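Chemist: This is a predicted model, with the sequence first.
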Amino acid sequence: MKLPYGLSDFKKLRTGDYLYIDKTNYIKKLEEISSDYLFFIRPRRFGKSLFLSTLKYYYDLNHQDKFEQLFGNLYIANNKTKLKNSYFILELNFSGLNTDTKDKLEESFRAKLRAGIIEAIEKYQDYFEKPQEIIKDINRVDDIGAILQFFISAVKKTDKKVYLIVDEYDHFANHIIAMGNEKFYKEIIRATGFVRDFYETVKIGTESVIDQIFITGISPIMLDDLTSGFNISTNLTMNPIVNQMLGFTEREVEGIIEQLDVEAKKQELMKVLRENYNGYLFNQQCEERVYNPDMVLYFFNQWQMTGDYPQNLIDDNVKTDYGRLDRLVTNQDNRKILEQIIQQEGITSDIITKFSFDRMYDQEYFVSLLFYMGLLTIKGTRYGKIRLGIPNYVTKTIFWEYFERKLKEEYNIKYNTEELAKSIWEMGFDGEIKPFLEYISSQVLKQLSNRDLLNFDEKYIKVILFSYLITSNLYHPISEREVENGYIDIYLEKDIRMPDLNYEWILELKYLKKSDKDQLDAVKVEGLKQLQNYAVSRNMEDKENVKQALIIFVGKDEYVIEKND
C-alpha cells in the first residue's frame, strides 16, 4: 500500500492504490448545516487541500460517471446527498502570490483569479453558448470584480450553479503582516481594496449562481476586516461537529498500522505516535484529540523505506514554523508571552475568532494566532477561560529549538557541537552529568545578561537544559512527569531509537540568588528528599539504571550537584 504523504489530489489517491482515511461522512454533515457559505481553518499541512479536493470531485457535475470509481466503498457511497455531482466547480488557490508591492500582488491575484475562471469555463464549455468569447472578454478586463462578474453573468445563462472553493485565502495576507506593513494591508483589504472588491462580488454572486462556498486557510486574519463586504459565511473552525474532520483519530492511526502490517509493534508505535503527533483539540466540549496527519504519514513513509524509526521525528516541512515564530516575536511583548508559554508549557487565554490588523499584537490575538497555527491547542478550562497548551512533543521541540536559537543570536553564544554531544553521551553511557552541566554553565548561563537574571528561576533553567538536550537524539526529555509523589522536574527517558543507552535520569532543579546562598544546605535537604520520593514511586518500578541528581544553580555562574545513586 502506498502512503499519500504530500499528496492532496483525491482522484489520484483513489485511483492510484493509496491509503485513504475515509472522511466523506463530513460531506453529509456539512450539507446538513443551515449555511451554504462555510469558513474553516486548520494549521498548515493538516489535510485541508485533500479535503477540498474530495469536495471538488464529489460535487463536480463532470465527474458523475466516475462516482463509483472514486467514492465506491466509502461512507458517502451509501449515504449520497441531494447535491452530489450537481455543480460547476470554481476552484481558487491564493498561495504563492507576489507580495513585493501592492501592484505586483494585485497583478498576481488577478492572474490566479483569471486562470481559475478560464479553467472552469473550459472544463464546462459544453454548457456555455460561446465559451471562447467569454474567455476573450475575461482576458480584456483588468478589474478583479469585473472578471468574476463576467463569469457570474455567463453561468446565469445556463441552468447550473457554482460551488466556490477558496484554498489559502489568507496566504498573502500572512506575508504582508509578517512584513509589518499595515498600510499595505489596509490598502488591499479595506475601503476600495481589490481583495475586498473580490469578496463583495462573491457576495453579490450568491444572489444568483454561487450556491455553495467553502473557504479555508490557517488564520481568521481577514475576517474582521472583510465583515461588511463579506458577512455571509459561517465560521466552523471551532464547531464541535468538525473537530475530527481533519487530522487522524486514535482509531484511524491504529487502522493505518493494521493496513501496513506492523501490528506486532502496534503498542510501541502507538506510544511514539501519541507522544509526538497527537494532542490537537479544536473545541473545549470535545474529548477526542486528533493527530497531525502530515506528521503521521511522514513517520510511516520513513518507516516503509527503512523498516525502522525515522532518523528525525520532525518533518522538515513542519520546521517552517520557525520563520513564522521569528516574525511574530519582533514585538517585545509577544516575545515575553512566548517565553512564558515555553516555560509554563501553556497559557490561559480567550481564543479570538475574528482578527484585525489593528490589534495584531495584543496578547489574546497573538496567543490565538499560535492556536490557529497549531503551536498551541485546547487543554481544558481554568477560571472560566480556555487553558491552551503545547499539543505534543514535536511541537515542544519546535519551541525549544527556537528558544535555543534566540539565545545564541542575542548573546552571540558559540559552542562546539562535538563537545556538547560528547557531554550528553557521557550522561547516557557513563552516568556522568557534570561535563554537561559544566558545559551549559560556562558556554550558556555565564553569557546571559543581568537583565535575564531578574526573571531567572528553575523553569527558565529547565527550558535552557531542554533546548540543548534535544540536540543529541539520545534522550526524550519529559517535563513535570507525574509520579505518585509529585512531579519530576526533568525525566530523561531514553529515545526509542537508542535502546542501548545505559542510563536514564531523574533531575530535580533548584535556583538560588547569590544573596540567598546561605539557604543552600536547607535546599539540598529538601531536594534530596524529593528525589528519593520520586525514585521509589510505583511509576518508576519498571525502570532500570535510573540515575538521580539534584542540581542547584546559584546565580548564573555557580552550581552544585548532589547525586542519589
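Modeler: Sure, I can see it.
Chemist: which residue sits closest to the residue most central in space within the chain, ignoring its sequence neighbours?
Modeler: For the chain, Gly374 is the residue whose C-alpha lies nearest the centre (C-alpha atoms, centre = their mean; 3.0 Å). Excluding the flanking residues, the one nearest Gly374 by C-beta to C-beta, 6 or more residues apart in numbering is Pro43, at 2.9 Å. C-betas here are computed from N, CA, C, even on glycine.
Chemist: And for Lys379?
Modeler: If the residues on either side of it in the chain are set aside, Lys379 comes closest to Gly389, at 3.8 Å by C-beta to C-beta, 6+ apart.
Chemist: Can you name the residues that contact that neighbour?
Modeler: Glu345, Gly346, Leu376, Thr377, Lys379 (C-beta atoms under 8 Å, 6 or more residues apart in numbering).
Chemist: which one of the residues you listed sits closest to Asn78?
Modeler: Thr377 (33.5 Å; C-beta to C-beta).
Chemist: before we move on, back to that, distance to Arg274 added to the contacts of Gly389, as a markdown table?
Modeler: As requested, the contacts of Gly389 are exported to a markdown table (distance: C-beta to C-beta, whole Å):
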| residue | distance to Arg274 |
| --- | --- |
| Glu345 | 17 |
| Gly346 | 19 |
| Leu376 | 18 |
| Thr377 | 14 |
| Lys379 | 15 |
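Chemist: Cross those against strands and list the overlap.
Modeler: Gly346, Thr377, Lys379 (DSSP state E).
Chemist: quick revisit: so how far is Ile218 from the residue nearest to Gly374?
Modeler: 6 Å (C-beta to C-beta, to the nearest Å).
Chemist: neighbour-wise, which of those two wins?
Modeler: Using other C-beta atoms under 10 Å, the more surrounded residue of Pro43 and Ile218 is Pro43, with 25 against 22.
Chemist: ok, that one touching Phe371?
Modeler: No: assessed by C-beta atoms under 8 Å, Pro43 is found out of contact with Phe371, at 9.1 Å.
Chemist: joint contacts of Pro43 and Ile218?
Modeler: Tyr372, Met373.
Chemist: circling back to that earlier point, can you turn the buried part of the contacts of Gly389 into a PyMOL selection?
Modeler: Of the contacts of Gly389, the buried ones can be selected in PyMOL as follows, counting by 16 or more other C-beta atoms under 10 Å:
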select buried, resi 345+346+376+377+379
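Chemist: Would you map the helices across the stretch 1-150 of the chain?
Modeler: With DSSP state H, counting those that start in this stretch as the criterion, the stretch 1-150 of the chain has helices at 10-15, 25-32, 48-59, 67-71, 102-123, 131-140, 144-156.
Chemist: Same list, those, but as a markdown table with distance to Gly431 please.
Modeler: Listed next are these as a markdown table, based on distance: least, C-beta to C-beta, whole Å:
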| stretch | distance to Gly431 |
| --- | --- |
| helix 10-15 | 50 |
| helix 25-32 | 52 |
| helix 48-59 | 48 |
| helix 67-71 | 58 |
| helix 102-123 | 59 |
| helix 131-140 | 73 |
| helix 144-156 | 67 |
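Chemist: most packed of these?
Modeler: Ranked by mean neighbour count under mean count of other C-beta atoms under 10 Å, the helices of the stretch 1-150 of the chain are led by helix 48-59, which reaches a mean of 22.
Chemist: gap between the closest residue in space to Asn235 that isn't next to it in sequence and Leu269?
Modeler: Leaving aside its sequence neighbours, Asn235 sits nearest to Phe39 (C-beta to C-beta, 6+ apart; 4.8 Å). Remark: distance between Phe39 and Leu269 (C-beta to C-beta) = 36 Å.
Chemist: mind listing what the residue nearest to Gly374 touches?
Modeler: Pro43 touches Ile218, Tyr280, Asn292, Tyr372, Met373, Gly374, counting by C-beta under 8 Å, 6+ apart.
Chemist: Same list (these) but as TSV, adding pLDDT.
Modeler: Below are those laid out as TSV (pLDDT from 0 to 100):
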residue	pLDDT
Ile218	91
Tyr280	98
Asn292	96
Tyr372	94
Met373	91
Gly374	93
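Chemist: rewinding a little: tell me the one of the ones in strands among the contacts of Gly389 nearest Asp457?
Modeler: Among the ones in strands among the contacts of Gly389, and counting by C-beta to C-beta, the member closest to Asp457 is Gly346, at 16.9 Å.
Chemist: Who does that closest one form a beta bridge with?
Modeler: Gly346 forms beta bridges with Gly389, as assigned by DSSP bridges.
Chemist: Was I right to think it contacts Thr377?
Modeler: No: contact between Gly346 and Thr377 fails when scored by C-beta under 8 Å: they sit 9.4 Å apart.
Chemist: So for these two, which residues contact both of them?
Modeler: Leu388, Gly389, Ile390.
Chemist: show me what contacts the first one?
Modeler: What that stands for is Leu388. Gly346, Ile347, Thr348, Ser349, Ile351, Val367, Leu370, Phe371, Leu376, Thr377, Ile378, Lys379.
Chemist: Pull up the gap between it and Asn292, please.
Modeler: Taken as C-beta to C-beta, the span from Leu388 to Asn292 is 17 Å.
Chemist: just to revisit the earlier point, format the shared contacts of Gly346 and Thr377 as TSV; extra columns: pLDDT and distance to Glu410.
Modeler: Below are the shared contacts of Gly346 and Thr377 laid out as TSV (pLDDT from 0 to 100; distance: C-beta to C-beta, whole Å):
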residue	pLDDT	distance to Glu410
Leu388	97	26
Gly389	97	26
Ile390	96	22
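Chemist: backbone phi and psi for the residue nearest to Gly374, please?
Modeler: Main-chain torsions, Pro43, degrees, to the nearest 10: phi -60, psi 160.
Chemist: How much space separates it from Gln340?
Modeler: Taking C-beta to C-beta, one finds Pro43 at 21 Å from Gln340.
Chemist: is it fair to say Phe553 lies in a strand?
Modeler: Yes: with DSSP: H, G, I helix; E, B strand; the rest coil as the criterion, Phe553 is assigned to a strand.
Chemist: what's the pLDDT at Cys286?
Modeler: What the model reports as pLDDT for Cys286 is 95.
Chemist: from here on, count from 39
Modeler: Sure thing, new numbering starts at 39, so read that last one as Cys324.
Chemist: Spatially nearest residue to it (excluding sequence neighbours)?
Modeler: Asn281 (4.3 Å).
Chemist: mind showing which ranges of the stretch 339-488 of the chain have poor pLDDT?
Modeler: The model of the stretch 339-488 of the chain has pLDDT under 70 over residues 357-362, 488.
Chemist: For it, which segments count as strands?
Modeler: Here the stretch 339-488 of the chain has its strands, by DSSP state E, counting those that start in this stretch, at 384-387, 415-420, 423-427.
Chemist: Which of those sits closest to Ala560?
Modeler: Closest approach to Ala560 among the strands of the stretch 339-488 of the chain is made by strand 384-387 (30.9 Å; C-beta to C-beta).
Chemist: For that closest one, name the packing helices and strands.
Modeler: Counting contacts by 3 or more C-beta pairs under 8 Å, 6 or more residues apart in numbering; DSSP states H and E, strand 384-387 is packed against helix 370-382, helix 401-411, strand 423-427.
Chemist: Most tightly packed of those?
Modeler: helix 401-411 (a mean of 21).
Chemist: can you list contacts of it?
Modeler: For helix 401-411, the surrounding residues in contact (C-beta under 8 Å, 6+ apart) are 79, 81-82, 256-258, 275, 359, 362, 366, 369, 371-372, 375, 379, 385, 387-390, 393, 397-398, 414-416, 426.
Chemist: Which single one of the contacts of Gly427 is nearest to Arg228?
Modeler: Leu414 (28.8 Å).
Chemist: contacting residues for that closest one?
Modeler: Here Leu414 is in contact with Ile379, Gly384, Ile385, Val405, Leu408, Leu426, Gly427, Ile428, Pro429 (C-beta under 8 Å, 6+ apart).
Chemist: Which of the residues you listed sits closest to Val291?
Modeler: Val291 lies nearest to Pro429 out of those, by C-beta to C-beta, at 14.8 Å.
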